[in-house]
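A.B. asks: here is a sequence together with a model predicted from it:
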Amino acid sequence: MATGIKGLGVLFCAGMGAMLLGSISAQALAEGDRSKYWIEPNSGEVWRLNGQCLTVPGWTESDAIAECHPELADAAAAPQAQPRVETRFETESASALFGFNDSQLTNQGREAMRRAVRTAEGERIERVRVVGHADRIGRSDFNDRLSMARARTVSEYLGSLSTLQGVEIEHEGVGYRVPVVDCDEQARDALIECLAPNRRVELEITVRREVPVQQ
């Protein structure tokens, strides 16, 4: 008879233990942000062992709460930088890059291209688009070919720079169809000088940079 009572006592204790664990588990899961910690049902405090909070199976650093793991909770709460894509425009005068009616970059022109790329230092350059422009003097087909040849030359030079390895580089020549100035008819030399801003190469540099999230 004593053995039977002892057995019932063991079963009773085991049953109570299971009920207690079930209660604790249910309490832990009901605590919202604290659901990954063991919670004392009566006080609502996180259980601790040797000063350390007790976590339930499956706890990860992303589940940290400030009262137990302040350093992890602060890091999780800190705003994370978000990528932002921007396009910048650099314009260089053709006279600063090429000789008259020529499509080969001068030394001054190569330095101008390196300088333009340096404006995006420290950021991830994703794409560069080179657009060549001409003035309206002369045959339109010649101006189309010249603007395209100049854009191609710049594109090839940019592609040789170590800072642009692997970057998508496109080029296009549009002749005189996108002028930035319009000049009346006048003597040739004066007209050439007046139309100088139209003879240009434009760079569209698309960069991706990390921008802190505003709180």
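C.D. replies: Sure, I can see it. Numbers count the residues shown, from 1 in each chain.
A.B. asks: which residue is nearest the centroid of the chain?
C.D. replies: Geometric centre of the chain, nearest residue: P83, 3.0 Å, by CA atoms, centre = their mean.
A.B. asks: can you pull up the bridge partners for that one?
C.D. replies: E210 (DSSP bridges).
A.B. asks: which positions within the helix or strand harbouring A190 qualify as buried?
C.D. replies: If you go by DSSP states H and E, A190 is part of helix 188-194. For helix 188-194, burial by neighbour count (16 or more other CB atoms under 10 Å) applies to L191. Quick note: C-beta positions are derived from backbone N, CA and C, even for glycine.
A.B. asks: contact partners of that helix?
C.D. replies: With contacts defined as CB atoms under 8 Å, 6 or more residues apart in numbering, helix 188-194 is touched by 135, 137, 181, 183, 185-186.
A.B. asks: ditto for stretch 97-113
C.D. replies: 92, 96, 146, 149-150, 152-154, 157-158, 161, 201.
A.B. asks: where does this protein dip in pLDDT?
C.D. replies: 1-33, 73-81, 210-215 (pLDDT under 70).
A.B. asks: rerun at 50
C.D. replies: Within the chain, the stretches with pLDDT under 50 are 1-32.
A.B. asks: domain assignment for it?
C.D. replies: With automatic domain parsing as the criterion, the domains of the chain are listed as 2-77, 82-211.
A.B. asks: send the alpha carbons of the helix or strand encompassing E111 over as CSV?
C.D. replies: Using DSSP H and E, E111 sits within helix 107-118. Below are the C-alpha coordinates for helix 107-118, written out as CSV (Å, rounded to 0.1, in the frame of the first residue of the first chain):
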residue,chain,number,x,y,z
ASN,A,107,46.0,65.1,-71.4
GLN,A,108,43.9,67.9,-70.0
GLY,A,109,40.8,65.9,-71.0
ARG,A,110,41.9,62.8,-69.3
GLU,A,111,42.6,64.7,-66.1
ALA,A,112,39.1,66.3,-66.4
MET,A,113,37.6,62.8,-66.6
ARG,A,114,39.5,61.6,-63.6
ARG,A,115,38.4,64.7,-61.7
ALA,A,116,34.8,64.1,-62.6
VAL,A,117,34.9,60.5,-61.3
ARG,A,118,36.6,61.6,-58.0
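A.B. asks: so which elements touch the next helix or strand after that helix?
C.D. replies: Counting by DSSP H and E, the next helix or strand C-terminal to helix 107-118 is strand 124-132. In terms of contacts (3 or more CB pairs under 8 Å, 6 or more residues apart in numbering; DSSP states H and E), strand 124-132 is packed against helix 140-160, strand 168-173, strand 200-211.
A.B. asks: take these and write them to TSV, including mean neighbour count and distance to P57.
C.D. replies: TSV is the format used below for those (neighbours: other CB atoms under 10 Å; distance: least, CB to CB, whole Å):
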stretch	mean neighbour count	distance to P57
helix 140-160	19	54
strand 168-173	17	48
strand 200-211	18	36
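A.B. asks: out of the ones you listed, nearest to L54?
C.D. replies: strand 200-211 (37.4 Å; CB to CB).
A.B. asks: count of residues packed around T91?
C.D. replies: Residues contacting T91 under the criterion other CB atoms under 10 Å number 13.
A.B. asks: enumerate the positions of stretch 45-65 that are buried.
C.D. replies: Quick answer for stretch 45-65 (16+ other CB under 10 Å): 46, 53, 55, 63-65.
A.B. asks: give me the subset of these lying in helices.
C.D. replies: Counting by DSSP state H, none of the members of those fall within helices.
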